[in-house]
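*Asks:* below are the sequence and a predicted model for it; my questions follow.
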Amino acid sequence: MGIDLHVAVGILQQGDEVLITRRLRGSHMGGYWEFPGGKFDGSETAPEALARELREELGIGIEPAFPLIRLKYDYPDRRVILHVWRIARFISTPRSCEGQTLRWAPIADLDNYTFLPANKPILTSIRLPDRYGFVDDESRDPEILFRQLQALVGQGIRLVRLRASGLTGADYRALAERCVDYCAENGVALLLADVADTGSVLPEAAGLHLTARQLMMAGKRPLLTGAQKWVAASCHNGMELGHAERIGIDFAVLSPVLPTATHPGMSALGWERFSALVEGCSLPVFALGGMMPENLHFAKFQGAQGIAAIRGFFAQ
Ligand SMILES: Nc1nc2c([nH]c(=O)n2[C@H]2C[C@H](O)[C@@H](COP(=O)(O)OP(=O)(O)OP(=O)(O)O)O2)c(=O)[nH]1
Ligand SMILES: [Mg+2]
């Protein structure tokens with residue numbers, strides 16, 4: 001395949017709506033919906049290409065916020081590398097400068113549009129928050145675990161993994177039932193631990209989070225019934241990330257990024273390695289291991305969707 005085609009893509013959001021555009025018939029992949037943007041010119045950086053493309057296509061001036069996701073996709077005739085950025089602010093009202101259809105679409109309705117086939121991870125990334133909290137205590141006490149969930153939700157966390165490694169079978173299921181109800185009332189997406197343990201609770205939850213071991217044993221993405229479920233996976237290296245991507249996992253958590261008190265013996269990846277691994281993977285990836293709220297902004301510039309933590313969200 002020819003050279004890699006670098007493309008800058010901008011996500012403009014107002015309230016619950018994002019700006020989508022429809023590719024002109026006659027262009028590469030004409031008729032599909034996409035996000036505004038276009039190819040890098042010469043030695044432009046992503047923010048430079050984005051500023052120029054959005055001026056040309058929408059007639060607006062922009063201030064980029066941070067990189068949301070970077071991904072690679074092979075079309076039959078070309079490989080594209082999409083550099084997707086969130087836009088912090090824009091000046092003047094976006095209008096169609098090239099005859100393309102523009103629409104402010106509610107994020108909840110994006111599945112109703114036929115997007116370019118490369119865009120699936122972008123849609124996941126837009127829907128995901130930038131903080132992922134784990135309920136994870138060695139404790140076997142469901143009360144303690146439930147209070148951990150309440151505390152995470154109290155911190156504004158809207159995506160939670162119910163790991164509860166000390167509980168199995170009916171005990172885990174009973175806790176999961178309680179947590180699913182609480183999360184539904186509070187607008188929180190709850191990911192459960194294991195299909196075997198969750199049974200009838202699973203359709204009520206937002207999805208599943210697989211351990212690295214479960215991931216590597218899975219020959220395909222677990223099929224979940226119900227509207228728009230997520231399957232996430234824990235990864236520690238490029239092989240696991242690659243497998244997650246191949247079997248259609250929606251997003252990953254990569255760890256340990258920094259040394260942690262909970263896994264003192266384990267050697268940390270460090271940000272440089274984290275960044276390189278994320279660059280080789282086209283899924284949204286959360287950074288886990290020693291994460292504190294103040295790491296969030298930096299993590300995004302290292303390619304992360306955001307940060308995941310067990311205790312870090314409660315640091316003083
Ligand atoms: N703008 C944009 N391009 C995308 C998205 N997803 C995706 O696969 N692409 C691909 C399609 C195209 O092959 C490539 C963008 O190239 P393009 O032809 O639109 O580039 P451009 O805006 O500079 O257009 P032109 O100057 O060639 O007319 O990236 C997306 O969401 N937005
Ligand atoms: Mg374009």
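*Replies:* Here it is on my side, so go on. Ligands and ions are numbered 1, 2, ... in the order given.
*Asks:* which residues does the residue of the stretch 1-150 of the chain found nearest ligand 1 contact?
*Replies:* Nearest residue of the stretch 1-150 of the chain to ligand 1: residue 38, at 2.3 Å (C-beta to the nearest ligand atom). Heads up, the C-betas are built off the backbone N, CA and C, glycines and all. The neighbours of residue 38, taking C-beta atoms under 8 Å, 6 or more residues apart in numbering as the test, are 7, 8, 49, 53, 56, 57.
*Asks:* residues near residue 102, how many?
*Replies:* Residue 102: 16 surrounding residues under other C-beta atoms under 10 Å.
*Asks:* which ones are touching the closest residue in space to residue 218 that isn't next to it in sequence?
*Replies:* Nearest residue to residue 218 in three dimensions, chain neighbours excluded: residue 247, at 6.1 Å (C-beta to C-beta, 6 or more residues apart in numbering). When the contact criterion is C-beta under 8 Å, 6+ apart, the partners of residue 247 are 218, 219, 220, 221.
*Asks:* select from those the one having the most neighbours.
*Replies:* Most surrounded of the contacts of residue 247: other C-beta under 10 Å gives residue 221, at 18 neighbours.
*Asks:* I'd say that residue and residue 245 touch.
*Replies:* No - the pair residue 221 / residue 245 is not scored as a contact, 10.7 Å apart, by C-beta atoms under 8 Å.
*Asks:* give me the pLDDT for the residue nearest to residue 218.
*Replies:* pLDDT recorded at residue 247 is 95.
*Asks:* ligand 1 versus that one, what's the distance?
*Replies:* Residue 247 sits 22 Å away from ligand 1, going by C-beta to the nearest ligand atom, to the nearest Å.
*Asks:* quick check: that residue vs residue 127, distance?
*Replies:* Distance, residue 247 to residue 127, using C-beta to C-beta, to the nearest Å: 20 Å.
*Asks:* now do residue 214
*Replies:* Residue 214 sits 23 Å away from residue 127, taking C-beta to C-beta as the criterion.
*Asks:* swap in residue 76?
*Replies:* Using C-beta to C-beta, one gets 28 Å for the distance from residue 76 to residue 127.
*Asks:* more crowded one of these two?
*Replies:* Using other C-beta under 10 Å, the more surrounded residue of residue 76 and residue 127 is residue 127, with 17 against 5.
*Asks:* I'd say the more buried one and residue 107 touch.
*Replies:* Yes - in this structure, residue 127 is within contact of residue 107 by C-beta under 8 Å, at 6.2 Å.
*Asks:* where along the stretch 151-300 of the chain do the strands fall?
*Replies:* Assigned by DSSP state E, counting those that start in this stretch, the strands in the stretch 151-300 of the chain fall at 159-162, 189-192, 207-210, 230-235, 251-254, 285-288.
*Asks:* follow-up on the earlier one: report the entries of the contacts of residue 38 that also contact ligand 1.
*Replies:* Filtering these for neighbours of ligand 1 using C-beta under 6 Å from any ligand atom leaves 7, 53.
*Asks:* can you add secondary structure, pLDDT and neighbour count and give the contacts of residue 38 back as CSV?
*Replies:* Conversion of those to CSV gives the following (DSSP: H, G, I helix; E, B strand; the rest coil; pLDDT from 0 to 100; neighbours: other C-beta atoms under 10 Å):
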residue, secondary structure, pLDDT, neighbour count
7, strand, 98, 21
8, strand, 98, 26
49, helix, 98, 23
53, helix, 98, 22
56, helix, 98, 12
57, helix, 97, 20
